[in-house]
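*Asks:* Sequence and computational prediction follow.
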Amino acid sequence: MRINSARLQASLETMAQIGRTPGGGVTRLALSDEDKAARDLLARWLAEAGLTVQVDDFGNMLARRPGSDPAAAPVRLGSHLDTVRQGGRFDGALGVLAALEVVRTLNDAGAVTRRPIEIVNWTNEEGARFEPAMLGSGAATGRFTKAFVYGRADREGRTFGDELVRIGYCGDPAQRPGPAHAYLELHIEQGPVLEEAGVPVGVVEGIIGITWCQVTVEGQSAHAGTMPLARRRDALQAAAHLVLATRELARQAGPDARATVGRFIVEPNVTNVIPGRVSFSVDFRHPEAALLDRLVEQLHARAEQVAAAEGVRISIERFWTSEPTPFDPAVKETIEAAVRELGMPFQRLWSGAGHDAKYMQDCCPSGMIFVRSQGGLSHCEQEASTPEDIAAGANVLLAATLRLAELVSH
């Protein structure tokens, strides 16, 4: 059995029209009107494939293809449809639509599996609108409370709970995803490793640790022309020192460390006024939890030094951490066996990005398959993977699913 590559490409292209940006990317923020339209389209496609669709109280969509053994735990496939602002066409959507293509392929072949197969679309994986990331999968697996998730607010003050109701995807707590035999997620790599290795697919070892911090610098606003340099308490100057320090700390921690300042807010943000308050985000990543903690400790130490030198106050809130998570060895071996069965070259690698599979691994054996990204680009409009590589990844997903779900006949 092989997936229908042309059909998968058509599905990806149709989905990419929802939230399409002038530069050829997609803006489809979680629980936005665009997200609702994407969900509605997915629900129609799932129903047309003969799947029963349910929605839980976090908006997670779950569709089920029965197996021959009603008592058997399902094999779950999925990812997400939400994107960052001006993101790409494949991040997240590929995993959901490739899972749909797996089911369509099984339907075309009249295939029967012993275990049911489920497809899930997780809510707010990106964290681009409601922080932190992976709220839907984290809530469904018990990492976040319902009150915490519903209270998350976007930049305009609109809450997750209110927006979930507004778009009509606030479902039933009884519909939350239950226990699973295994979870598989297909995703673009979002980095350059597979391209540099010259291979189309990767078997993912696990997900590195991630922690997010909110840094606030408070100084004193004053007139740009009348306040001498020596007497200034310039919040932006202090913040600039600390931004540079984050990259220095990551470099000192070694080649596996990452540090990013992605959001930056200056107040009052006026040309002739010394900034009195600055807030910005810090994203640290490392495969080892202890070194991730050390980076945050070092950031606090640098902040104390900068605050003393610049006459400002600096506070740091570490508000989210996703621990390093190795994937299940047996699931990884199953994926690798599927790749070898298909005769493809591949590479094992760690994911530098967070994915819903992290929280699924906390409650059932999980694994991921990566598809080569052109130029290693993602979270931008230039994100791209070839149809051939996408088909390769989807066929690995199909072959691994058949092994885990136990093909009975076709």
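*Replies:* Received, thanks.
*Asks:* neighbours of the residue nearest to residue 170 when sequence neighbours are not counted, just the number please.
*Replies:* Of all residues not flanking residue 170 in the chain, residue 164 sits nearest, at 4.5 Å (CB to CB, 6 or more residues apart in numbering). Any C-beta I mention is one placed from the backbone N, CA and C, and that applies to glycine too. By the criterion of other CB atoms under 10 Å, residue 164 has 23 neighbours.
*Asks:* where does residue 164 land on pLDDT?
*Replies:* pLDDT for residue 164: 98.
*Asks:* Now the phi/psi pair for it, please.
*Replies:* phi -60, psi -40 (degrees, to the nearest 10).
*Asks:* if I pick it, what's in contact with it?
*Replies:* Applying CB atoms under 8 Å, 6 or more residues apart in numbering to residue 164 gives the contacts 31, 58-59, 123, 150, 170.
*Asks:* make it 6 Å
*Replies:* 31, 59, 170 (CB atoms under 6 Å, 6 or more residues apart in numbering).
*Asks:* can you list those residues in JSON lines and add neighbour count, distance to residue 390 and secondary structure?
*Replies:* Output for those, formatted as JSON lines (neighbours: other CB atoms under 10 Å; distance: CB to CB, whole Å; DSSP: H, G, I helix; E, B strand; the rest coil):
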{"residue": "31", "neighbour count": "27", "distance to residue 390": "27", "secondary structure": "coil"}
{"residue": "59", "neighbour count": "29", "distance to residue 390": "26", "secondary structure": "coil"}
{"residue": "170", "neighbour count": "18", "distance to residue 390": "33", "secondary structure": "coil"}
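*Asks:* Out of these, which is nearest to residue 364?
*Replies:* Among those, residue 59 lies closest to residue 364 (CB to CB), at 20.7 Å.
*Asks:* Contacts for stretch 192-201, please.
*Replies:* 202, 344-347, 349, 372, 376, 389, 392-393, 396.
*Asks:* quick one, strands of the stretch 151-300 of the chain?
*Replies:* 182-188, 201-207, 209-218, 222-223, 258-260, 264-267, 273-274, 277-286 (DSSP state E, counting those that start in this stretch).
*Asks:* Check those strands for me and report the most buried one.
*Replies:* strand 182-188 (a mean of 28; mean count of other CB atoms under 10 Å).
*Asks:* I'd like to know how many residues surround residue 69.
*Replies:* Neighbour tally, residue 69, other CB under 10 Å: 13.
*Asks:* Touching, it and residue 113? I think so.
*Replies:* No. Checked against CB atoms under 6 Å, the pair residue 69 and residue 113 is beyond contact range at 9.1 Å.
*Asks:* returning to that earlier point: now, the contacts of stretch 192-201 that are in strands?
*Replies:* Applying DSSP state E to the contacts of stretch 192-201, the entries found in strands are 202, 346-347, 349.
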